[in-house]
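Enquirer: Kindly generate the corresponding structure for this input.
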Amino acid sequence: METTQLHRGRLIDHLQLVVHDLEISQDFYTAVLAVLEIPIVGTTENYFWADELVVSSVGSPAAQGVLTGRHHLAFQAKDRTTVDAFYRAAMAHGGRDNGAPGERAYHPGYYAAFVLDPDGNNVEAVYHGEARRSAPSVVIDFQG
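Expert: Alright, predicted model coming up:
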């Protein structure tokens, strides 16, 4: 039996999406991230963030007046039920179907749903199947 080992949390420090309408995007991401048990940890007039994801208005200083364009981002889900709930929440909060929940051929047990967010980004929730994690997450403590 071949073993596949996935490493997460090593490649991307953070991702910024620049959106047309921050309020609409905040409603969408608040709903889908709540299902995934990822809290919005901060908000300002020009952006909000949750873990590695920062969503900014086009008018924010960091955006420099430029939208980021279409991206694909995938969130890890703890089980198939969470993938299903992610899809329902996304559809109820301005998302558009881009692939209903189901198994995909990427590897055995890959169960995912795809939606387009209000700006057309392809947002996925994926459950990779039964697996053992070496740690629930990477924890970084800053010395002050």
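
Enquirer: Low-confidence bits of the chain, can you list those?
Expert: Filtered on pLDDT under 70, the chain yields the residue ranges 1-10, 144.

Enquirer: which residue ranges form the helices in it?
Expert: Per DSSP state H, the chain carries helices over the ranges 22-35, 80-92.

Enquirer: Point out the one among those helices that comes closest to residue 120.
Expert: Among the helices of the chain, the nearest to residue 120 by C-beta to C-beta is helix 22-35 (11.3 Å). Quick note: C-beta positions are derived from backbone N, CA and C, even for glycine.

Enquirer: Look up how far residue 95 lies from the closest residue to residue 96 other than its chain neighbours.
Expert: Spatial nearest neighbour of residue 96, excluding adjacent residues (C-beta to C-beta, 6 or more residues apart in numbering): residue 116 at 4.4 Å. Residue 116 is 6 Å from residue 95, where distance means C-beta to C-beta, to the nearest Å.

Enquirer: Those two: who's more crowded?
Expert: When neighbours are counted by other C-beta atoms under 10 Å, residue 116 and residue 95 differ, and residue 95 comes out ahead with 23 against 17.
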